[in-house]
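Student: Fold the following for me, if possible:
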Amino acid sequence: MRKLSEIYLRISPGKFHFLKFILEGYDNLAILSSFQGADGIVVIRYPDEMAEDLFNLLGCLAYYLSKSNKVLPLN
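Tutor: Numbering: from 1, shown residues only. I've put the predicted structure just below:
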């Protein structure tokens with residue numbers, strides 16, 4: 001069994017389920033777990049070969065994941 005890399009992130013606590021839903025839409029991209037849910041700290045485990053795709057996706061979502069009541073900008 002391969003060892004997965006992991007990264008810890010802080011997101012808006014109310015965005016956990018949104019991020020989990022998005023990650024589940026990409027088969028074998030990553031596994032999201034809550035680390036300190038009340039503080040919004042999550043751990044994402046991923047295979048090394050998926051790192052570029054994962055970080056590109058997280059970069060696109062970063063603004064939205066850090067805000068509690070904002071919508072994604074259209075441009």
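Student: Tell me where the model's unsure across the chain.
Tutor: The chain contains residues with pLDDT under 70 at 1, 68-75.
Student: which residue ranges form the helices in it?
Tutor: For the chain, the helices defined by DSSP state H cover 16-24, 51-66.
Student: May I see the buried residues of the shortest one?
Tutor: Right, the one you point to is helix 16-24. The neighbour-count check on helix 16-24 (16 or more other CB atoms under 10 Å) flags F16, L19, K20, I22, L23 as buried. Quick note: C-beta positions are derived from backbone N, CA and C, even for glycine.
Student: any idea which of the residues you listed is closest to S34?
Tutor: Nearest to S34 among the buried residues of helix 16-24: F16, at 6.3 Å, using CB to CB.
Student: wait, doesn't the closest one sit right on V43?
Tutor: No: using CB atoms under 8 Å as the test, F16 is too far from V43 to be in contact (11.6 Å).
Student: shared neighbours of the two, anything?
Tutor: The contact sets of F16 and V43 overlap at L32, S34 (CB atoms under 8 Å, 6 or more residues apart in numbering).
Student: How about the contacts made by the residue nearest the centre of the chain?
Tutor: By CA atoms, centre = their mean, the chain has its centre lying nearest to L19, at 5.2 Å. Contacts of L19 were listed using CB under 8 Å, 6+ apart, and they are I11, L32, V42, L61, L65.
Student: swap the cut-off to 10 Å and go again
Tutor: By CB atoms under 10 Å, 6 or more residues apart in numbering, the contact set of L19 is L9, I11, S12, A30, L32, V42, I44, L57, L58, L61, Y64, L65.
Student: Likewise for I41?
Tutor: Residues near I41 by CB under 10 Å, 6+ apart: Y8, L9, R10, I11, P13, S34, F35.
Student: ok, what's across the strand from it?
Tutor: Beta bridges link I41 to R10, Q36, judged by DSSP bridges.
Student: how near is it to L61?
Tutor: Computed as CB to CB, to the nearest Å, the I41 to L61 distance reads 16 Å.
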